[in-house]
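Colleague: Show me how the following folds:
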Amino acid sequence: MLSSRSLLSRTARVAGRRFNSTLVVAEHNDDKLAPVTLNAISGAAKLGADISVLVAGANATKVAGEVAKIANVKRVLVAQDEKLKGALPERVTDVILASQEQFKFTSIVAGASAFGRSVIPRVAGHLNVSPISDVTEVHSCDTYSRPIYAGNAIAKVKSTAPVKLITFRGTAFPPAATEGGSATSEDALKTDINVELSEFLGQELSKSERPDLATAKIVVSGGRGLKSGDNFKLIYDLADKMGAAVGASRAAVDAGYVPNDMQVGQTGKIVAPELYIAVGISGAIQHLAGMKDSKVIVAINKDKEAPIFQVADFGLEADLFKAVPEMTKLL
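Modeller: Model (predicted):
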């Protein structure tokens with residue numbers, strides 16, 4: 001026989017579980033789900049709440065079917081409208097806020113990608129709470145760890161906000177299983193989308209047979225030491241031999257050697273491959289913040305004092321214009 005006090009406490013705990021819920025904002029291209037969303041779902045699962053996933057886009061139905069099969073997902077909210085083409089953050093924010101108004105989520109999360117970093121702060125501003133970015137560990141539903149000072153320190157943060165707005169660093173969480181789920185789907189498009197703030201004009205997508213930089217198991221990156229964009233052919237040839245993705249330092253991007261979608265670093269992409277080869281990269285803090293969690297780091301640089309050697313597992317002090325072609329020839 002439970003006392004009235006024990007029964008009240010137990011009822012409160014059950015009610016807490018019932019109403020504690022998380023919304024994951026899916027990133028996709030109207031055809032396929034972005035891998036970072038799977039990492040975000042794994043992070044959301046650690047919050048100990050029921051998980052709903054919002055799929056908003058001009059052709060959201062196909063991706064929603066993919067999301068419904070993901071493990072731990074309870075509900076898929078589908079917002080399909082031509083106005084959502086290109087996933088403009090200003091327009092997606094309207095849909096998120098409408099979903100929040102209806103379901104009263106306790107957490108709204110996304111992957112720490114360019115998309116997530118665009119959407120989550122906008123939603124946080126509307127809800128008047130502070131977003132918590134780049135979370136790498138979940139201690140409880142309101143306490144998290146995140147890197148600060150370009151990853152040189154880890155802050156443990158506790159949020160008292162009524163709604164937690166979070167981006168999860170993809171490299172810190174394993175991808176959720178894409179099979180085993182049986183989520184229900186329902187319409188989430190119950191609001192007018194403001195089309196005056198932004199307009200989708202078009203996009204040019206680079207096509208490559210190489211693995212995606214953010215998820216590749218091997219990454220070969222080049223820096224300012226390559227001296228020109230033409231010399232990046234050395235990096236491409238080595239990467240193709242190894243089945244690797246190609247990255248670059250900010251210095252190489254700023255110099256115009258390669259496009260900015262190849263940038264690895266604090267203001268670029270965060271990667272944690274099994275093998276990272278840094279060629280002609282000095283090792284500035286900005287770059288190290290984006291790759292120092294790699295399992296094995298190999299550095300090739302003719303300057304023996306280059307900071308990259310301090311984090312490298314293997315270092316080769318050599319002229320890259322001689323060393324890289326030799327490595328490529330041996331593979």
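Colleague: how about stretch 165-172 as PDB, C-alpha atoms only?
Modeller: Below are the C-alpha coordinates for stretch 165-172, written out as PDB (Å, rounded to 0.1, in the frame of the first residue of the first chain):
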ATOM      1  CA  LEU A 165      17.700  25.200 -27.500                       C
ATOM      2  CA  ILE A 166      20.600  23.000 -28.400                       C
ATOM      3  CA  THR A 167      23.000  22.100 -31.300                       C
ATOM      4  CA  PHE A 168      24.800  18.800 -31.000                       C
ATOM      5  CA  ARG A 169      28.300  18.400 -32.400                       C
ATOM      6  CA  GLY A 170      28.000  15.500 -34.900                       C
ATOM      7  CA  THR A 171      31.400  14.000 -34.200                       C
ATOM      8  CA  ALA A 172      30.600  13.600 -30.500                       C
END
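Colleague: what is the rounded mean pLDDT of that stretch?
Modeller: Averaged across stretch 165-172, the pLDDT comes to 95.
Colleague: what do you get for stretch 124-132?
Modeller: Stretch 124-132 comes out with an average pLDDT of 96.
Colleague: and residue 195, what does it touch?
Modeller: Residues near residue 195 by CB atoms under 8 Å, 6 or more residues apart in numbering: 83, 91. Bear in mind the C-beta positions are built from the backbone N, C-alpha and C, glycine included.
Colleague: hang on, residue 111 packs against residue 37?
Modeller: Yes: Residue 111 lies in contact with residue 37 (CB atoms under 8 Å); the separation is 5.8 Å.
Colleague: Overlap of the contact sets of the two?
Modeller: In contact with both residue 111 and residue 37: residue 27, using CB under 8 Å, 6+ apart.
Colleague: quick one, phi psi at residue 275?
Modeller: Here is the backbone geometry of residue 275 (degrees, to the nearest 10): phi -140, psi 130.
Colleague: Now do it against residue 296, distance only.
Modeller: Per CB to CB, to the nearest Å, residue 275 is found 5 Å from residue 296.
Colleague: Compare these two and say which is more crowded by neighbours.
Modeller: Counted by other CB atoms under 10 Å, residue 275 and residue 296 do not tie: residue 275 has more neighbours, with 17 against 13.
Colleague: Now that one: closest residue in space that isn't a chain neighbour?
Modeller: The spatially closest residue to residue 275, leaving aside those adjacent along the chain, is residue 218, at 4.7 Å (CB to CB, 6 or more residues apart in numbering).
Colleague: residues in contact with that neighbour?
Modeller: Contact analysis of residue 218 by CB under 8 Å, 6+ apart lists 211, 239, 242-245, 273-277.
Colleague: Kindly recompute the last result at 7 Å.
Modeller: Taking CB atoms under 7 Å, 6 or more residues apart in numbering, we find residue 218 in contact with 242-244, 273-275.
Colleague: what does residue 311 give?
Modeller: 283, 288, 292, 297.
Colleague: Number of residues surrounding the nearest residue to residue 156 once chain neighbours are set aside?
Modeller: Distances taken as CB to CB, 6+ apart place residue 145 nearest to residue 156, at 5.3 Å, with adjacent residues excluded. Residue 145: 15 surrounding residues under other CB under 10 Å.
Colleague: what about residue 87, which helix or strand?
Modeller: Remark: residue 87 resides in no helix or strand, with elements defined by DSSP states H and E.
Colleague: got the contact list for it?
Modeller: Contacts of residue 87 by CB under 7 Å, 6+ apart are 57, 115.
Colleague: For it, give its distance to residue 256.
Modeller: Distance from residue 87 to residue 256, by CB to CB: 28 Å.
Colleague: How about residue 95?
Modeller: Where residue 256 is concerned, residue 95 sits at a distance of 37 Å (CB to CB).
Colleague: quick check: domain ranges of the protein?
Modeller: Following the TED database, the chain resolves into domains at 21-187, 218-330.
Colleague: Okay, now the first one: how far is its last residue from its first?
Modeller: It refers to domain 21-187. Taking CA to CA, to the nearest Å, the first and last residues of domain 21-187 lie 18 Å apart.
Colleague: now do the shortest one
Modeller: Domain 218-330 stretches 17 Å from its first residue to its last (CA to CA).
Colleague: Distance from that domain to the middle of the chain?
Modeller: Relative to its chain's centre, domain 218-330 lies at 21 Å (CA atoms, centre = their mean, to the nearest Å).
Colleague: picking that back up, whichever of the contacts of residue 218 end up buried, select them in PyMOL.
Modeller: To isolate the buried ones among those in PyMOL, judged by 16 or more other CB atoms under 10 Å, type:
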select buried, resi 242+244+273+275
